[in-house]
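Visitor: need a structure here:
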Amino acid sequence: MQPLHDLSRKILVVDDDESIVDLVSTRLMIGGYNVCTANNGFEAIRALADLKPKAMILDLSMPGMDGFAVLDYMAKPGSYQAPTLVLTARHLAQDVERAIRLGARDYLAKPFDDRMLLARVQRLFRGAPAGVNAG
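Guide: As a prediction, this is how the structure comes out:
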């Protein structure tokens, strides 16, 4: 297990449902990840810029700025990009396709299995590094 202060394992969890944020955060911390959270898309954009996480778990259905808008924002030149796992109750084929087209690396429907979540998060960290989108 990696130490919690290991910034190479920093992950941002974004969901407007506090119980989901708590559940996912706990599972990730037990798995050795350094977890930061946001409760909506606007907070997610600020956290990406300020905290520079190595990966992100993102809900799609949030008031104000939804997950699709966050993915769209990350695709803009100069914005910070983090490999993203969409974790959502939305599981229609067009939602999956849209999220992947907008840059999500993976997609997992709620309810989810803890082992599956951790396996998908590990894949995020094995992929391309996070960083600023050069456009």
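Visitor: which stretches of this structure form strands?
Guide: 10-14, 34-38, 55-58, 80-81, 84-88, 106-109, 131-132 (DSSP state E).
Visitor: Quickly run through the sheet partners of the fifth one, with directions.
Guide: This points to strand 84-88. strand 55-58 (parallel), strand 106-109 (parallel) (DSSP bridges).
Visitor: elements contacting the lowest-mean-pLDDT helix or strand in the chain?
Guide: Here the helix or strand of the chain ranked lowest by mean pLDDT, DSSP states H and E is strand 131-132, holding a mean of 82. Contact analysis of strand 131-132 by 3 or more CB pairs under 8 Å, 6 or more residues apart in numbering; DSSP states H and E lists strand 80-81 as its packing neighbours. All C-beta spots, glycine's among them, are computed from the backbone N, C-alpha and C.
Visitor: List the strands paired with the strand it packs on, with their directions.
Guide: In its sheet, and by DSSP bridges, strand 80-81 pairs with strand 131-132 (antiparallel).
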